[in-house]
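Undergrad: predicted model, plus sequence, below.
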Amino acid sequence: MDQAINEAESQSEKPTLIICKTTIGKGSPKFQGTSKVHGAPLGDEEIAAAKKALGWEYGPFEIPQDVYDAFDARATGEKLEADYQKMFDGYAAAYPELASELKRRIAGDLPANYAETVAQAVEAAEKAAESVATRKASQKALSAICPKLPETLGGSADLTSSNLTNWEGVTAFGTDNLAGRHISYGVREFGMSAIMNGIALYGGFIPFGATFLTFSDYAKNAIRMAALMQIRSIFVYTHDSIGVGEDGPTHQPIEQTASLRLIPGLDVWRPCDTVEAAVAWGCAFGKKNGPSALIFSRQSVPFLHQAGAKADLIRKGGYILTDAESPKAVIVATGTEVSLGSAIQEKLAEEGIAVRLVSMPCTERFDAQDAAYRESVLPAGLPVLTIEAGSTGLWYKYTRGNGASLGIDQFGASAPASKLWPLFGLTVENGVARVKDLLH
């Protein structure tokens with residue numbers, strides 16, 4: 001094996017594949033080479049036979065001194081650590097600013113001016129007040145934050161021009177451009193996500209990578225591992241609903257957002273406009289102890305924060321976007337459906353029915369707030385209508401038996417998006433009717 005690895009390391013022009021031909025359960029007289037040795041203990045009799053066959057004369061947890069000594073790496077480790085520290089101390093003496101920056105990045109700490117950087121991104125979004133696709137809103141946020149956050153390392157699984165993870169001024173990473181900060185991962189969503197996890201574990205970088213939301217299923221195990229390991233990998237998913245249109249049900253996410261929300265420790269953000277997108281990115285980069293998934297749309301959405309950015313409230317995951325005097329019901333919506341909720345709220349107001357509109361960009365963040373805040377946003381006595389262009393199953397924790405969910409619990413269809421929204425009941429008229437049903 002050492003020889004094979006040495007030969008592989010000497011090869012600089014192409015990758016090397018090392019094939020190890022092994023025998024499963026080697027040493028077990030009865031079971032070696034069979035599947036029986038894989039999923040069940042050998043048993044006392046077969047263990048004794050295997051030890052005899054292998055010439056192992058020691059008891060359980062009895063370690064021969066020569067084996068113990070061979071595995072004792074303390075002295076080697078101490079020398080390696082001392083050599084490294086000596087080297088780093090010399091580096092720090094010669095380049096104090098660079099050494100300080102390297103320490104910061106390895107520790108996973110953000111720059112001292114990070115909060116100011118995010119605040120400026122939010123302020124710029126509020127000032128521009130653009131009605132764009134939230135994937136474009138994401139790109140604008142990245143262009144505002146990433147130049148001031150040098151440890152960010154973006155990428156896409158062959159969909160950069162669609163995912164828009166390439167912020168202004170960024171160049172592609174490659175052997176001819178080691179300073180590049182955007183990786184072209186190719187068509188391999190799981191590979192991309194696993195590589196991101198490796199980058200996050202190594203430290204010094206904050207990786208994010210993108211694909212279409214419906215393809216998040218290909219990467220699910222790597223996403224789960226990121227959450228299990230509590231590392232700062234950021235998974236970006238665009239084209240988030242039937243708004244994809246003619247590509248049809250294979251490319252129209254239905255259950256994907258809900259399935260991502262089921263992963264413990266994963267913050268799932270679905271912003272409604274440029275302001276929420278900037279806040280979502282700010283929170284994702286700032287979350288040191290776990291991954292985030294950011295979900296964005298293909299189609300444009302109206303700008304909804306004319307009354308003020310409310311960044312501190314957005315960070316809570318759910319908040320009152322527009323209220324009404326003595327509301328009779330609450331509409332809770334996410335992403336592109338917040339604008340639909342706003343239109344429903346306005347139509348009901350014209351008919352004399354006061355309704356509160358809550359934007360819920362991140363249910364995990366909202367659920368982590370104290371009971372008093374959650375009650376202030378969703379009072380127990382008011383019926384709730386949730387709106388999201390996807391599976392409705394997880395929304396029942398907010399409807400609480402006296403509400404309803406407006407969503408899609410079947411696969412989509414191939415048609416222009418303008419025809420799909422009414423086909424699946426995501427219209428102002430249907431929303432108004434559903435609220436009236438709750439009140440009567």
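TA: Looks like it arrived, so ask away.

Undergrad: make it CA atoms for all contacts and neighbour counts henceforth
TA: Will do.

Undergrad: could you check how far Q369 is from G317?
TA: From Q369 across to G317, the span is 9 Å (Cα to Cα, to the nearest Å).

Undergrad: compare neighbour counts for those two and give me the winner.
TA: Neighbours were counted for Q369 and for G317 using other Cα atoms under 10 Å; G317 has more, 25 against 14.

Undergrad: show the contacting residues for the more buried one.
TA: Listed by Cα atoms under 8 Å, 6 or more residues apart in numbering, the contact partners of G317 are 360-367.

Undergrad: give me the buried subset of those.
TA: 360-366 (16 or more other Cα atoms under 10 Å).

Undergrad: of all those, which comes closest to R224?
TA: The nearest member of the buried ones among the contacts of G317 to R224, counting by Cα to Cα, is E364 at 15.5 Å.

Undergrad: out of everything not next to it in sequence, what's closest to that closest one?
TA: D267 (5.8 Å; Cα to Cα, 6 or more residues apart in numbering).

Undergrad: quick check: the one you found touching F366?
TA: No: between D267 and F366 there is no contact under Cα atoms under 8 Å: 10.3 Å.

Undergrad: joint contacts of the two?
TA: With Cα under 8 Å, 6+ apart, D267 and F366 have no common neighbours.

Undergrad: pLDDT weak spots in the stretch 201-350 of the chain?
TA: For the stretch 201-350 of the chain, no stretch is flagged by pLDDT under 70.

Undergrad: which residues in it form strands?
TA: Secondary structure of the stretch 201-350 of the chain by DSSP state E, counting those that start in this stretch: the strands cover 206-212, 234-238, 267-269, 292-295, 319-322, 329-333.

Undergrad: could you redo the ones you listed as TSV and give each row mean neighbour count and distance to A433?
TA: Below are the strands of the stretch 201-350 of the chain laid out as TSV (neighbours: other Cα atoms under 10 Å; distance: least, Cα to Cα, whole Å):
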stretch	mean neighbour count	distance to A433
strand 206-212	27	33
strand 234-238	27	30
strand 267-269	27	28
strand 292-295	27	29
strand 319-322	20	20
strand 329-333	27	13
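
Undergrad: TSV for the ones you listed, including distance to S12?
TA: As requested, those are exported to TSV (distance: least, Cα to Cα, whole Å):
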stretch	distance to S12
strand 206-212	26
strand 234-238	32
strand 267-269	41
strand 292-295	36
strand 319-322	55
strand 329-333	53
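
Undergrad: out of the ones you listed, nearest to Q252?
TA: Among those, strand 206-212 sits nearest to Q252 (Cα to Cα), with 9.2 Å.

Undergrad: chain center to that closest one, what's the gap?
TA: Relative to the chain's own centre, strand 206-212 is displaced by 8 Å; criterion: Cα atoms, centre = their mean, to the nearest Å.

Undergrad: what lines up beside it in the sheet?
TA: According to DSSP bridges, strand 206-212 forms sheet pairs with strand 152-156 (parallel), strand 234-238 (parallel).

Undergrad: other residues contacting the first one?
TA: Which is strand 152-156. Taking Cα under 8 Å, 6+ apart as the rule, strand 152-156 contacts 146, 163, 165-166, 181-186, 192, 205-211.

Undergrad: cool, the last one as well?
TA: For strand 234-238, the external contacting residues (Cα under 8 Å, 6+ apart) are 135, 162-163, 193, 206-213, 216, 223, 284-285, 291-298.

Undergrad: ok, back up a step: from the buried ones among the contacts of G317, which is closest to A129?
TA: P361 (18.4 Å).

Undergrad: measure that closest one to L178 for me?
TA: 36 Å.

Undergrad: kindly report the same for E46.
TA: 54 Å.

Undergrad: domains of the protein?
TA: 22-62, 74-107, 114-295, 317-439 (automatic domain parsing).

Undergrad: most packed of those domains?
TA: For these, ranked by mean neighbour count under the definition mean count of other Cα atoms under 10 Å, the leader is domain 114-295 at a mean of 21.

Undergrad: next, the distance between the ends of that domain.
TA: Note: domain 114-295 ends 23 Å apart using Cα to Cα.

Undergrad: check what pLDDT R181 gets.
TA: Looking at R181, its pLDDT stands at 98.

Undergrad: distance of it relative to A333?
TA: Taking Cα to Cα as the measure, R181 falls 34 Å from A333.
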